[in-house]
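Asker: my questions are about this predicted structure, shown below with the sequence.
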Amino acid sequence: MAPLASLGALLMAASVAVASYSNRPSYIGRDTFAAPYDQSFQEGYSILKHIGGLGPYSNRMSFGIGRDPPDSCAVDQVIMIRRHGERYPQGSDAGKINAALDKLYSSGKTEWKGDLTFLNWWKYYVDSEGLYGLETETGPYNGLLTTYKHGAEYRVRYGHLWDQKHNKTVPMWTSEFERVVQTARKFGEGFFGWNYTNSVSLNVISEGVKMGANSLTPVCTADNSTKTCDNLSHDLPAFRVAADRFNKQNSGLNLNGTDIFYLMFMSAFELNVRGYSDWIDAFTLDEWKWFGYTQDLQFYYCAGPGDPFYKAVGSVYANASLTLLNQGPKKAGPIFFNFAHDTNITPILAALGIASPSEDLPLDKIPFPSTYEIGNIMPMGGHLTLERLSCNATVATEKGTYVRVVLNEAVVPFTSCQDGPGFSCSLSDYTEMLNKMLPDFTSECKIKSSLPQHLSFWWDYNKTSEYNHQTAEYIPYQGHHFV
């Protein structure tokens, strides 16, 4: 047992330590301190990670790599492709959603009980057919606002690449679908601010098959098999459990697993409109996990690495961006902002080998762990950013040019190439890697020789601001040069 004098010295030392620590904001009591690092990490339990690409944007779960450039590096070129912002359901989905709702209301219930008690006051959030397919303008997750904010955030991150002093016009490119065009405009307003109108030349690229490889939305005409996609089931055991629960709580209901799927599908979009949904808590986390997996399967087999042709589709963008990176900012330009659909970006990820599982996703069970989770890969507003880094030498790396891939604001290193600062890949190794792994789009997809054989609009683009704002009519870029 310690002598009293020694014990007194220890107490004095402890009191000094407490006094020195008490100025920190984490101090909450005489003998208790708040943990300086959060230990809960609830990302996996967030509903935003289990609704696929249907609901609000969320950053990708990271690998713990700093998002800012490494200390020895500066970004000298950025190439981004972004999905449109949060939206309403598609018009093509309205019939299936309404069929599930009609099945509820046709039961004649006047008082809802159990998990469906909220139906006593709940109303469907689409109050006009004209809203289907559009980006949302209400709630904390509304698509136009989140897109504008993203542009403003990238202004802080990449604003040094914009040459305001010499008033150089910056081209941006968007596919021609209305909500994607609106996304490009809102992003541009966020990035360029009040200079947007005079500083940007927005190019609207046709989504037609006649564009061949010169497209943000290339189509593989040789890919005519939809067998797996057509047979993906929405009537899963987990959904039948939910249907049975609702049916027992409210006599007279006769819901089935498919009804449950479309009610869950509908509620994901409600988050885009209202920011919340009473439907979310009507289902268990296990049921949401299964719902998210249905979306993983849909993208994997229908617009991702599970379709043998989609790597070739994604190679169009991957190859063209590789050319930009090698030309560099002085020859090609420093800023390339592009806007398209989710199913145009997931093929690029497949081509780059990002998030691609080593085996096909099973149709009857969820693989744990899974590298292909669409809620983490391509939510509303999902985006893929390529950074060209100019780096000084460090004790571990050489001076040179490196490439980083950033998916939804998380740095994603390549397993086979991370020789640069911040787990980046040297441009020379990145070039060699892609030249070995990328297939040829025109030959694999049997693109007619009369159609464009490569992407050229990044070098041959419209230099006017004619389409920066809504006009009565616009003519999408068709491959000719604008003055």
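Answerer: Ah, there it is. Numbers count the residues shown, from 1 in each chain.

Asker: switch to C-alpha atoms for all contacts and neighbour counts from now on
Answerer: OK.

Asker: so what's the spatially most central residue of the chain closest to, chain neighbours aside?
Answerer: Most central in the chain under CA atoms, centre = their mean is residue 382, positioned 1.7 Å from the mean C-alpha point. By the measure of CA to CA, 6 or more residues apart in numbering, the closest residue to residue 382 outside its immediate chain neighbours is residue 83, 5.4 Å from it.

Asker: cool, and residue 122?
Answerer: Distance criterion CA to CA, 6+ apart; nearest residue to residue 122, sequence neighbours excluded, is residue 278 at 8.0 Å.

Asker: what's stretch 398-415 in contact with?
Answerer: 58-63, 65-67, 354, 377-378, 382-393, 420, 423-427, 430 (CA atoms under 8 Å, 6 or more residues apart in numbering).

Asker: any buried residues in the helix or strand containing residue 238, and which?
Answerer: Following DSSP states H and E, the helix or strand that holds residue 238 is helix 237-249. By neighbour count with 16 or more other CA atoms under 10 Å, helix 237-249 contains the buried residues 238-240, 242-244, 246, 249.

Asker: count of residues packed around the closest residue to residue 87 other than its chain neighbours?
Answerer: Of all residues not flanking residue 87 in the chain, residue 135 sits nearest, at 3.8 Å (CA to CA, 6+ apart). Residue 135 has 25 neighbours, counted by other CA atoms under 10 Å.

Asker: over to residue 135: give its phi and psi.
Answerer: Here is the backbone geometry of residue 135 (degrees, to the nearest 10): phi -70, psi 150.

Asker: for it, give me its contacts.
Answerer: Residue 135 touches 84-88, 142-144, 179, counting by CA under 8 Å, 6+ apart.

Asker: for this protein, name the helix or strand with the lowest mean pLDDT.
Answerer: Ranked by mean pLDDT, DSSP states H and E, the helix or strand of the chain with the weakest confidence is helix 4-21, at a mean of 45.

Asker: hmm, back to that, restricted to helices, list the contacts of stretch 398-415.
Answerer: Those of the contacts of stretch 398-415 mapping onto helices are 377, 427, 430, per DSSP state H.

Asker: right, and the residue nearest to residue 122 touches residue 118 too?
Answerer: Yes. Between residue 278 and residue 118 there is a contact at 6.7 Å, judged by CA atoms under 8 Å.

Asker: helices or strands next to the strand or helix carrying residue 302 in the packing?
Answerer: Take DSSP H and E as the rule and residue 302 turns out to sit in helix 285-303. Packing partners of helix 285-303 (3 or more CA pairs under 8 Å, 6 or more residues apart in numbering; DSSP states H and E): helix 227-230, helix 237-249, helix 342-352, helix 374-377.

Asker: any chance of the ones you listed in CSV, plus mean pLDDT and distance to residue 152?
Answerer: Listed next are these as CSV, based on pLDDT from 0 to 100; distance: least, CA to CA, whole Å:
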stretch, mean pLDDT, distance to residue 152
helix 227-230, 80, 38
helix 237-249, 97, 41
helix 342-352, 97, 22
helix 374-377, 96, 22
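
Asker: closest to residue 464 out of the ones you listed?
Answerer: Counting by CA to CA, residue 464 lies closest to helix 342-352 out of the helices and strands packed on helix 285-303; the figure is 25.9 Å.

Asker: thinking again about what came up before, now the buried residues of helix 237-249 in CSV, with distance to residue 400?
Answerer: Converted to CSV, the buried residues of helix 237-249 look like this (distance: CA to CA, whole Å):
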residue, distance to residue 400
238, 53
239, 53
240, 57
242, 56
243, 59
244, 62
246, 61
249, 65
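
Asker: between these, which is closest to residue 122?
Answerer: Checking the buried residues of helix 237-249 against residue 122 by CA to CA gives residue 246 as the nearest, at 16.2 Å.

Asker: let me know whether the closest one touches residue 117 as I believe.
Answerer: No. If you go by CA under 8 Å, residue 246 and residue 117 don't touch, sitting 10.4 Å apart.

Asker: thinking again about what came up before, tally of neighbours for the residue nearest to residue 122?
Answerer: As a burial measure, residue 278 scores 16 neighbours (other CA under 10 Å).

Asker: hang on, it is in a helix, isn't it?
Answerer: No. Counting by DSSP: H, G, I helix; E, B strand; the rest coil, residue 278 is not found in a helix; it is coil.

Asker: hang on, residue 315 packs against residue 441?
Answerer: Yes. Between residue 315 and residue 441 there is a contact at 6.6 Å, judged by CA under 8 Å.

Asker: check what pLDDT residue 168 gets.
Answerer: Looking at residue 168, its pLDDT stands at 78.

Asker: and it, how far from residue 334?
Answerer: Applying CA to CA, to the nearest Å, the value for residue 168 to residue 334 is 11 Å.

Asker: look at those two and report which has more neighbours.
Answerer: A side-by-side neighbour count of residue 168 and residue 334, using other CA under 10 Å, places residue 334 first with 22 against 12.

Asker: correct me, but residue 467 touches residue 198?
Answerer: No. Judged on CA under 8 Å, residue 467 makes no contact with residue 198 at a distance of 11.4 Å.

Asker: which of the two has more neighbours?
Answerer: For residue 467 versus residue 198, neighbours defined as other CA under 10 Å are more numerous around residue 467 (20 against 15).

Asker: which one is that one nearest to, not counting chain neighbours?
Answerer: Closest to residue 467 by CA to CA, 6+ apart is residue 202, at 5.7 Å.

Asker: that neighbour and residue 337, how far apart?
Answerer: In terms of CA to CA, residue 202 sits 10 Å off from residue 337.

Asker: list the contacts of residue 383.
Answerer: So residue 383 contacts 80-83, 345, 407-408 (CA under 8 Å, 6+ apart).

Asker: returning to what we had before: got phi/psi on the residue nearest to residue 122?
Answerer: Taking degrees, to the nearest 10 as the convention, residue 278 sits at phi -60, psi -20.

Asker: now stretch 245-258, how far from the chain's geometric center?
Answerer: Centre-to-centre, stretch 245-258 and its host chain are 35 Å apart (CA atoms, centre = their mean, to the nearest Å).

Asker: what about that stretch, start to end distance?
Answerer: Distance between the two ends of stretch 245-258: 14 Å, counting by CA to CA.

Asker: cool, stretch 367-376 as well?
Answerer: Distance across stretch 367-376, first residue to last, is 15 Å (CA to CA).

Asker: can you list contacts of it?
Answerer: Here stretch 367-376 makes contact (CA under 8 Å, 6+ apart) with 48-53, 58-61, 292-293, 295-296, 299-300, 355-357, 361.

Asker: same check, this time on stretch 151-160
Answerer: 75, 78, 186-193.

Asker: need the pLDDT of residue 31.
Answerer: What the model reports as pLDDT for residue 31 is 55.

Asker: quick one, which of the contacts of stretch 367-376 are buried?
Answerer: 48-53, 58-61, 292-293, 295-296, 299-300, 355-356, 361.

Asker: thinking again about what came up before, of the contacts of stretch 151-160 - the most surrounded one?
Answerer: Greatest neighbour count in those, by other CA under 10 Å, goes to residue 187: 30 neighbours.
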